[in-house]
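Asker: A structural model of the following input is requested.
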Amino acid sequence: MKKQKVWFITGASGGMGLEITNAALASGDKVVATVRSKPEVLKQLGDNENLFVTLLDVTNENQAKVAAQEAIDKFGRIDVLVNGAGYGLLSAVEEASNEELKELYEVNVFGLLNVTRAILPYMRKQGSGHVINISSGGGLSGFTGWGVYGSTKFAVEGITETLALELAPLGIYATAVAPGFFRTNFLDSTALMRSKNVIDDYSTTVGEMRNFATQLNKKQPGDPQKLAQAFIKLANAEKPPVHLPLGKDCLDQFRMKTKNFEQDVTEWYDVIIGTNHDDVE
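Answerer: Numbers count the residues shown, from 1 in each chain. Here you go, the predicted model:
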């Protein structure tokens, strides 16, 4: 018999968060679904005693603590945390303003940390749990036009990798899930911001990516319902991975990166190993 789990999912109002919420409920689990505003959007999931919806702006640390306590008061425990709240910024690195960068990091990185810090005390107390952070293919490889957004996801990958080491002795797992392009609302204006500043010199690089993103919207190769089922399998795995790329497009890009990385190491091997003191073998 599968043990019923309690999920805490941020960014549950749409996209991947909504799909994961729906899949978790369908599997018989309980879900605390958080939304930044308009909780009524989750009425589409029906009247389900296993669903608890609460407001949470992840950039508000106190709100995160309140939502975590509400989850415990409602269901008594939290087994799976899915940090899904976030948004994208399509921009050349130079084009992004300081304000745009700070707002992006406030949600994608500091918001994730706010929620994680709010949930972990309960997982530590119960001696079990699984922190699942939604990263991105852009957190595994650099892409033209996605540098600043990808940097937030590179941060998520690094945070998760270290969390996995720190939490392992406590019976808690941590996984960074890096989806490629999935057919959600991510490329809509509601989830993807574009820098106000546009520099003509980047028209053949970032400009082409802007056109590509527009054309790809609603035609992404990834199936969000299959992604949600992958999350169900992940949450029920006896030994979950630390990194989980999802989508062939994401995997192909990562393999290309590692191949190019290895080529750089081979070509620069003598320089790389030649930087130690002479008394170090």
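
Asker: low-confidence ranges in this structure?
Answerer: Applying pLDDT under 70 to the chain flags residues 1, 182, 184-191, 215-219, 221.

Asker: Can you list the residue ranges for helices in it?
Answerer: Using DSSP state H, the helices found in the chain span residues 15-26, 61-75, 98-105, 112-126, 147-167, 206-216, 224-235, 248-267, 269-273.

Asker: would you turn the ones you listed into CSV with distance to Tyr87 and mean neighbour count?
Answerer: The way it works is simple: take the backbone N, C-alpha and C, and place the C-beta from them, glycine included. Below are the helices of the chain laid out as CSV (distance: least, Cβ to Cβ, whole Å; neighbours: other Cβ atoms under 10 Å):
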stretch, distance to Tyr87, mean neighbour count
helix 15-26, 10, 23
helix 61-75, 18, 17
helix 98-105, 7, 14
helix 112-126, 12, 19
helix 147-167, 8, 19
helix 206-216, 14, 15
helix 224-235, 16, 18
helix 248-267, 19, 13
helix 269-273, 38, 9
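
Asker: For Ser195, which of those helices is the nearest?
Answerer: Proximity to Ser195 (Cβ to Cβ) singles out helix 98-105 among those, at 6.1 Å.

Asker: Just list what that closest one packs against, helices and strands only.
Answerer: Packed against helix 98-105 by the contact rule (3 or more Cβ pairs under 8 Å, 6 or more residues apart in numbering; DSSP states H and E) you find helix 147-167.

Asker: which residue is nearest the centroid of the chain?
Answerer: Nearest residue to the geometric centre of the chain (Cα atoms, centre = their mean): Ile134, 1.7 Å.

Asker: wait, what's in contact with that one?
Answerer: For Ile134, the contact set (Cβ atoms under 8 Å, 6 or more residues apart in numbering) comprises 16, 82-84, 86, 156, 177, 179.

Asker: which residues does it bridge with?
Answerer: On the basis of DSSP bridges, Ile134 is bridged to Val177.

Asker: how close does it sit to Ala12?
Answerer: Relative to Ala12, Ile134 is positioned 12 Å away (Cβ to Cβ, to the nearest Å).

Asker: shared neighbours of the two, which are they?
Answerer: Counting by Cβ under 8 Å, 6+ apart, the residues touching both Ile134 and Ala12 are Gly84.

Asker: Got phi/psi on Gly145?
Answerer: The phi/psi pair for Gly145 (degrees, to the nearest 10) reads phi 90, psi -10.

Asker: Equivalent analysis for Gly127, please.
Answerer: Gly127 adopts backbone torsions of phi 70, psi 30, taken as degrees, to the nearest 10.

Asker: Would you check that it makes contact with Gly171?
Answerer: Yes: counting by Cβ atoms under 8 Å, Gly127 does reach Gly171; the two are 4.6 Å apart.

Asker: what about these two, which has more around it?
Answerer: Gly171 (12 against 9; other Cβ atoms under 10 Å).

Asker: what's near enough to touch that one?
Answerer: By Cβ under 8 Å, 6+ apart, the residues touching Gly171 are 127-129.

Asker: again, only using 10 Å
Answerer: Neighbour list for Gly171: 123-124, 126-129 [criterion: Cβ atoms under 10 Å, 6 or more residues apart in numbering].

Asker: roughly how far apart are it and Val131?
Answerer: To Val131, Gly171 is 12 Å away according to Cβ to Cβ.

Asker: Now for these two: what residues contact both?
Answerer: By Cβ under 10 Å, 6+ apart, the residues touching both Gly171 and Val131 are Met123.

Asker: Just the endpoints, please. Distance across stretch 274-281?
Answerer: Criterion Cα to Cα, to the nearest Å; first-to-last residue distance in stretch 274-281 is 10 Å.

Asker: Run a quick neighbour tally on Asp279.
Answerer: Residues lying near Asp279 (other Cβ under 10 Å) number 5.

Asker: got a list of what Arg117 touches?
Answerer: Taking Cβ under 10 Å, 6+ apart, we find Arg117 in contact with 61, 64-65, 68.
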